[in-house]
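K.L.:
Okay, here's the prediction I keep looking at, along with the sequence it came from:
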Amino acid sequence: MENVKPYIREIKPKGQLTIPKKIRETGRFEEGQPVAIIPLGDFLLIVPKKLELDEARRQIKKILRNSGLTAEEILAGLKAERETLYEEKYGGKGR
């Protein structure tokens, strides 16, 4: 197991706390990502919150709306991209 080094940080006036970059990278925390904060006695457990299905649907709709494309256009683009990658890697047409 890796040596555990404590990071000392100050809580800002509005309750904000900066998570050190190394911890964010290790935990794969990204800007804007929701997290769950779970009190465990004198400790806090901070974990990435998994998107609920409804939230995932809202995010997909938002992406579609912002892109100006239809779901069919995006799927067609993915299919074309997949075929291009297959040809580059294997030198022939994909399924």
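P.N.:
Arrived safely.
K.L.:
Just list the residues touching the spatially most central residue of the chain, thanks.
P.N.:
Geometric centre of the chain, nearest residue: Glu30, 6.0 Å, by CA atoms, centre = their mean. Each residue near Glu30 by CB atoms under 8 Å, 6 or more residues apart in numbering is listed here: Arg24. All C-beta atoms are positioned from the backbone trio N, CA, C, and that covers glycine.
K.L.:
Ile11 and Leu17 touch, don't they?
P.N.:
Yes - using CB atoms under 8 Å, Ile11 makes contact with Leu17 at a distance of 5.3 Å.
K.L.:
Dihedrals phi and psi, the residue nearest to the centre of the chain?
P.N.:
Glu30 adopts backbone torsions of phi -120, psi 160, taken as degrees, to the nearest 10.
K.L.:
ok, now how distant is it from Leu53?
P.N.:
According to CB to CB, to the nearest Å, Glu30 and Leu53 sit 20 Å apart.
K.L.:
Run through the neighbouring helices and strands of the worst-scoring helix or strand of the chain on mean pLDDT.
P.N.:
The weakest-scoring helix or strand in the chain, judged by mean pLDDT, DSSP states H and E, is helix 53-67 (a mean of 79). The criterion is 3 or more CB pairs under 8 Å, 6 or more residues apart in numbering; DSSP states H and E, and the helices and strands that helix 53-67 contacts are helix 71-90.
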